[in-house]
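Enquirer: Based on what follows, work out the 3D shape:
(one chain, ligands or ions: 1)
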Amino acid sequence: MIIRQLKIIDAPAVSEVIITCLKEENSKFYPPEIIERMVKLYTPELIIRSAIDRLVLVAEDINGSIVGTATFNLGFFGSVFVHPNNAHQGVGSKLMNTLESLAKNQGQKKVKLHSSINAVGFYMGRGYMKGRFVKDVKFGKSYRMTKNL
Ligand SMILES: CC(C)(COP(=O)(O)OP(=O)(O)OC[C@H]1O[C@@H](n2cnc3c(N)ncnc32)[C@H](O)[C@@H]1OP(=O)(O)O)[C@@H](O)C(=O)NCCC(=O)NCCS
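Expert: Predicted structure coming up:
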């Protein structure tokens, strides 16, 4: 498996990974209206547009399929998703290792992210500290999390 930067041609596959996660995983923890709102944020077009001001990474398996994604922008990580069929195989860890190395190489001392309630254990296992709990009317509950590099 390799971690590399998004190419425009990847956008439909990245959208599919994220939307599958939202519908199959996050939907166990968030109400349908929040999932529907999130799904609308991750069309192929919006994923391409998001890459204008942040680095979008993809995880590509040995068959050339996109199985995960994550974003990086000035010490802030976002949109970490691994397709449910490929969960618990270390893909999320590889994405996070790459993000943390990039941040370190940029001289960042501390990184931040907003964790969905279902992923808090994943980040805590990587040394992230659970910060403020936020309840957003539109996008539901999340935790601010930080890690000193
Ligand atoms: C959270 C997520 C990115 C983890 O990806 P993954 O590829 O399954 O993670 P890994 O296989 O690298 O797991 C690394 C470790 O974290 C643990 N872990 C994975 N998901 C976890 C979770 N949701 N809660 C607690 N621990 C978790 C694994 O058991 C593993 O521990 P181990 O090394 O002791 O076995 C993935 O489950 C996902 O995409 N979830 C849905 C989308 C989401 O909510 N993303 C976060 C947005 S902030």
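Enquirer: separation between the residue nearest the centre of the chain and residue 86?
Expert: Nearest residue to the geometric centre of the chain (Cα atoms, centre = their mean): residue 80, 1.2 Å. Residue 80 sits at a distance of 13 Å from residue 86 (criterion: Cβ to Cβ, to the nearest Å). No exception for glycine: its C-beta is placed from N, CA and C like everyone else's.
Enquirer: now do residue 2
Expert: Counting by Cβ to Cβ, the gap from residue 2 to residue 86 is 14 Å.
Enquirer: again with residue 57
Expert: Distance from residue 57 to residue 86, by Cβ to Cβ: 15 Å.
Enquirer: How about residue 142?
Expert: With Cβ to Cβ as the criterion, residue 142 and residue 86 are 23 Å apart.
Enquirer: what's the answer for residue 77, then?
Expert: Residue 77 is 19 Å from residue 86, by Cβ to Cβ.
Enquirer: which bits of the chain sit near the ligand?
Expert: Within the chain, the positions adjacent to the ligand are 21, 25-26, 80-82, 87-93, 115-116, 118-119, 121-122, 125 by Cβ under 6 Å from any ligand atom.
Enquirer: and the residue nearest to the centre of the chain, how far is that from residue 118?
Expert: 12 Å.
Enquirer: pLDDT score for residue 16?
Expert: Note on residue 16: pLDDT of 98.
Enquirer: do residue 93 as well
Expert: pLDDT, read off for residue 93, is 98.
Enquirer: can you map out the strands along the chain?
Expert: Taking DSSP state E as the test, the strands found in the chain are 2-5, 55-60, 66-73, 76-82, 110-116, 129-136, 140-148.
Enquirer: Could you dump these into JSON lines and include mean pLDDT?
Expert: Shown next, in JSON lines, are those (pLDDT from 0 to 100):
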{"stretch": "strand 2-5", "mean pLDDT": "98"}
{"stretch": "strand 55-60", "mean pLDDT": "98"}
{"stretch": "strand 66-73", "mean pLDDT": "97"}
{"stretch": "strand 76-82", "mean pLDDT": "97"}
{"stretch": "strand 110-116", "mean pLDDT": "97"}
{"stretch": "strand 129-136", "mean pLDDT": "94"}
{"stretch": "strand 140-148", "mean pLDDT": "96"}
